[in-house]
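# Pasting a predicted model and its sequence here:
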Amino acid sequence: MNNIKPLGDRVVIKKLEAEEKTKSGIVLPTQAKEQPQMAQVVAIGPGGMVDGKEVKMEVTVGDKVIFSKYAGTEVKYDGIEYTILKQSDILAIVE
Amino acid sequence: MNNIKPLGDRVVIKKLEAEEKTKSGIVLPTQAKEQPQMAQVVAIGPGGMVDGKEVKMEVTVGDKVIFSKYAGTEVKYDGIEYTILKQSDILAIVE
Amino acid sequence: MNNIKPLGDRVVIKKLEAEEKTKSGIVLPTQAKEQPQMAQVVAIGPGGMVDGKEVKMEVTVGDKVIFSKYAGTEVKYDGIEYTILKQSDILAIVE
Amino acid sequence: MNNIKPLGDRVVIKKLEAEEKTKSGIVLPTQAKEQPQMAQVVAIGPGGMVDGKEVKMEVTVGDKVIFSKYAGTEVKYDGIEYTILKQSDILAIVE
Amino acid sequence: MNNIKPLGDRVVIKKLEAEEKTKSGIVLPTQAKEQPQMAQVVAIGPGGMVDGKEVKMEVTVGDKVIFSKYAGTEVKYDGIEYTILKQSDILAIVE
Amino acid sequence: MNNIKPLGDRVVIKKLEAEEKTKSGIVLPTQAKEQPQMAQVVAIGPGGMVDGKEVKMEVTVGDKVIFSKYAGTEVKYDGIEYTILKQSDILAIVE
Amino acid sequence: MNNIKPLGDRVVIKKLEAEEKTKSGIVLPTQAKEQPQMAQVVAIGPGGMVDGKEVKMEVTVGDKVIFSKYAGTEVKYDGIEYTILKQSDILAIVE
């Protein structure tokens, strides 16, 4: 997925299906207030100066991550849905 | 399109028609909350100090970009519609 | 129009009439959410430290500019209407 | 009017009557959204560090200024009404 | 009144009665939107770093000051009412 | 009370009963808008860098302080109620 | 619990059951406005530059902490509920 190049500290992620989540240890929301989601990182921005602050990218393409459902913008590319969000909206990497 | 010179970190973009989007891989919004759009960059500001922060322009004239529909200001010039927005409202470059 | 000296990063502009807009390439708003306007710069502040940030003036007296209709304060001086706004509310220079 | 010493970047101004405005070129509001006013500066604070930012006073006692009507606090002293406001609420000096 | 030691840039003031105001030149509010008050400073904090910013105390115990009525917290100590507020909520010193 | 160690610039306080307040000079709220309270400091955080700003602790265990009633979080520990709040929510030390 | 690696200054905590709380000195909320909770830290982020500010991690895996109930995001992993929150949402360590 080299076709979308996020700017700054943005990251493109692809949500994991339920079966994929089960394989890597199930991470599911337990209440509605801020629903987390699991996804895989498919592209990352270069980081650097973002809004006057130095940002170092901490996630890598291929990482499985937990992010807040309401963060970012959803786009469809070649029939597949992605989300573009800022790295700071990623809560944790799941290994 | 050398007639509109954006100030600071602003960028002038021209929305791509549906057929153009299809050619370059379709990027379509999948939900209404924040509708992304594809557009082509037609003019960029000089960057530099903007609101007390150093901004480096990362997009170039000709780039195809994804931006949030509600960002920026729409203007019509010689019968063509453009949007003037800040570079930080551009989510990603599509190649 | 040397009688009004804007402070800091403020700029005094005089809106262009419709016929004037037509001559220099028509720039017209295409939707109501944030109506842009064309105007001519008639006086500029000195720039410098504004709210703790160094601001360099990028517009010059005589420039034709696009600005957001709802920005700034309108004043009438010797029967002519002007708008006083911050340079950051000017979107672009039209040449 | 040496009896009120404004702190920091504050300025004490005295509104000009309509006849005074007429003499110095009429500056009148043209719409209700943010009514500008003409006034004369009667006392200025020392400037310096204000809210962590260095502020240099740009107005002088005696200057005629345009300010936003809703800015500042009105006080009456020895029967005369004054307004105490921050220098950043002064839009321009009229000469 | 050495018993209350304000922290940071806070100041303890005691409101002046109407007769006291008259003696030192009357300062009275002229409209309800933000009612100013006259008071006497009875204790001041040490200033220094407050919320990451260096604050120098500009008022002294004994100063008569104008402050905004809605600023600060009112307390009663040994039967006398005081207000604890930040120095930045003091508009001016009256001499 | 060495069992609760506040983080950063947080402070643990224990409210003083009315009789205790009377003994040390009564401090009582005089209006409902922001009710102050007297309390004794029982534990303090280490200060240092908090939200990117250097904070020096100015209160000490044992200090009697005035704080705003609505600040902080109340907890019960071994049957005694405490409040955990930031030092900046403490208005003054009473001696 | 090495499978969830929080980013930046985030911390993964596991709520303590009532009986556990009792053993280590009961910490219970006393009013509804902001309900504190006791939990045990199970994973911590690396700290470092977070939103342009240097953050040093002050909690350690195994610490019992008090945090605000409404902070963070709840996730379920291998059938156990965790909360991912920023270190600044932890009020105190209980020893």
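Cool, got the structure.
# Next, the single nearest residue of chain A relative to chain C: phi, psi?
Using Cβ to the nearest Cβ, the single residue of chain A nearest to chain C is A:G52, 10.3 Å away. Just so you know, the C-beta spots here come from the backbone N, C-alpha and C atoms, and that holds for glycine as well. The phi/psi pair for A:G52 (degrees, to the nearest 10) reads phi 80, psi 10.
# Check A:S88 too.
phi -70, psi -10.
# Nearest spatial neighbour of the residue of chain A most remote from its centre, chain-adjacent residues omitted?
The centre of chain A is farthest from one residue, A:G52, which by Cα atoms, centre = their mean lies 22.6 Å away. Among residues not flanking A:G52 along the chain, B:K53 sits closest, at 3.1 Å (Cβ to Cβ, 6 or more residues apart in numbering or on different chains).
# wait, that neighbour sits on A:D51?
Yes: here B:K53 reaches A:D51: they are 6.6 Å apart, a contact under Cβ atoms under 8 Å.
# which strand is the longest one in chain A?
Scanning chain A for the strand with the most residues, using DSSP state E, yields strand A:36-44.
# Walking through chain A, point out its helices one by one.
Per DSSP state H, chain A carries helices over the ranges A:18-23.
# so what's the residue nearest the centre of it bridging to?
What sits nearest the mean C-alpha location of chain A, by Cα atoms, centre = their mean, is A:I13, with 4.0 Å. Beta-bridge partners for A:I13, by DSSP bridges, are A:V41, A:T83.
# Which single residue of chain A ends up nearest chain G?
Closest residue of chain A to chain G, Cβ to the nearest Cβ: A:K53 (3.1 Å).
# That residue touches G:G52, doesn't it?
Yes: here A:K53 reaches G:G52: they are 3.1 Å apart, a contact under Cβ under 8 Å.
# coming back round to it: isn't the residue farthest from the centre of chain A up against B:K56?
No: under the criterion of Cβ under 8 Å, A:G52 makes no contact with B:K56, lying 11.4 Å away.
# Give me the common contacts of these two.
Counting by Cβ atoms under 8 Å, 6 or more residues apart in numbering or on different chains, A:G52 and B:K56 have no contacts in common.
# quick one, what contacts A:K56?
A:G47, G:G48, G:M49.
# What residues does the first one make contact with?
Read that as A:G47. Contacts of A:G47 were listed using Cβ under 8 Å, 6+ apart, and they are A:G8, A:D9, A:V55, A:K56, A:M57, A:Q87.
# Not counting its neighbours along the chain, what's nearest it?
Using Cβ to Cβ, 6+ apart and skipping the chain neighbours, the partner closest in space to A:G47 is A:M57 (4.3 Å).
# Can you give me the neighbour number for the one you found?
Counted with other Cβ atoms under 10 Å in any protein chain shown, the neighbours of A:M57 add up to 15.
# before we move on, what about A:T73?
Look at A:T73: counted by other Cβ under 10 Å, it has 22 neighbours.
# residues in contact with the residue in chain A that chain B sits nearest to?
The nearest approach of chain A to chain B comes at A:G52, 3.1 Å away (Cβ to the nearest Cβ). For A:G52, the contact set (Cβ under 8 Å, 6+ apart) comprises B:G52, B:K53, B:E54, G:G52.
# Who are the contact partners of A:M57?
By Cβ under 8 Å, 6+ apart, the contact set of A:M57 is A:D9, A:V11, A:I44, A:G45, A:P46, A:G47, A:Q87.
# Show the low-confidence segments of chain A, by residue range.
Low-confidence segments of chain A, defined by pLDDT under 70, span residues A:1, A:18-36.
# what number of residues lie near whichever residue of chain A sits closest to chain F?
Nearest to chain F in chain A, going by Cβ to the nearest Cβ, is A:K53, at a distance of 10.2 Å. Using other Cβ under 10 Å, A:K53 has 14 other residues around it.
# got a list of what the nearest residue to A:E54 once chain neighbours are set aside touches?
Nearest non-adjacent residue to A:E54, counting by Cβ to Cβ, 6+ apart: G:M49, 6.4 Å away. Neighbouring residues of G:M49 by Cβ under 8 Å, 6+ apart: A:K53, A:E54, A:V55, A:K56, G:V55.
# Pull the contacting residues for whichever residue of chain A sits closest to chain E.
At 15.5 Å from chain E, A:K53 is the closest residue in chain A, using Cβ to the nearest Cβ. By Cβ under 8 Å, 6+ apart, the contact list for A:K53 reads G:M49, G:D51, G:G52.
# Now for A:G8, how many residues are close by?
20.
# okay, now the closest residue in space to it that isn't next to it in sequence: neighbour count?
Nearest non-adjacent residue to A:G8, counting by Cβ to Cβ, 6+ apart: A:V50, 4.3 Å away. Using other Cβ under 10 Å, A:V50 is surrounded by 22 other residues.
# Report the separation between A:V50 and G:D51.
Distance, A:V50 to G:D51, by Cβ to Cβ, to the nearest Å: 10 Å.
# A:V50 contacts A:Q87, doesn't it?
No: A:V50 is beyond contact range of A:Q87, at 9.1 Å (criterion: Cβ under 8 Å).
# so what's in contact with the two at the same time?
Taking Cβ under 8 Å, 6+ apart as the contact rule, A:V50 and A:Q87 both touch A:D9.
# Around chain B, pick out the residues from chain A.
Proximity of chain A to chain B is confined to A:2-8, A:10, A:12, A:43, A:45, A:48-49, A:51-52, A:73-79, A:81, A:84 under the rule Cβ under 8 Å from any Cβ of the partner chain.
# Chain A: strands as residue ranges?
Applying DSSP E to chain A gives strands spanning A:4-6, A:10-15, A:27-29, A:36-44, A:48-50, A:53-55, A:64-68, A:73-77, A:80-86, A:90-94.
# Save those as JSON lines, and put in distance to D:V61 too.
JSON lines is the format used below for these (distance: least, Cβ to Cβ, whole Å):
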{"stretch": "strand A:4-6", "distance to D:V61": "54"}
{"stretch": "strand A:10-15", "distance to D:V61": "52"}
{"stretch": "strand A:27-29", "distance to D:V61": "63"}
{"stretch": "strand A:36-44", "distance to D:V61": "57"}
{"stretch": "strand A:48-50", "distance to D:V61": "43"}
{"stretch": "strand A:53-55", "distance to D:V61": "41"}
{"stretch": "strand A:64-68", "distance to D:V61": "55"}
{"stretch": "strand A:73-77", "distance to D:V61": "53"}
{"stretch": "strand A:80-86", "distance to D:V61": "49"}
{"stretch": "strand A:90-94", "distance to D:V61": "56"}
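# quick one, which of those is nearest to G:E17?
Proximity to G:E17 (Cβ to Cβ) singles out strand A:27-29 among those, at 20.7 Å.
# Check the burial of A:G79 by counting its neighbours.
A count of nearby residues for A:G79, using other Cβ under 10 Å, gives 8.
# Which residue, other than its chain neighbours, is closest to A:K64?
Using Cβ to Cβ, 6+ apart, the nearest residue to A:K64 is A:V94, at 4.6 Å.
# Pretty sure the residue nearest to the centre of chain A sits against A:F67.
Yes: in this structure, A:I13 is within contact of A:F67 by Cβ under 8 Å, at 6.7 Å.
# what residues do the two have in common as contacts?
Common contacts of A:I13 and A:F67, defined by Cβ under 8 Å, 6+ apart, comprise A:A39, A:T83, A:L85, A:I90.
# Mind putting those residues into a markdown table with neighbour count?
Shown next, in a markdown table, are these (neighbours: other Cβ atoms under 10 Å in any protein chain shown):
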| residue | neighbour count |
| --- | --- |
| A:A39 | 25 |
| A:T83 | 21 |
| A:L85 | 24 |
| A:I90 | 25 |
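# Farthest pair within these?
Spatially, the most separated pair among the shared contacts of A:I13 and A:F67 is A:T83 and A:I90, at 10.6 Å (Cβ to Cβ).
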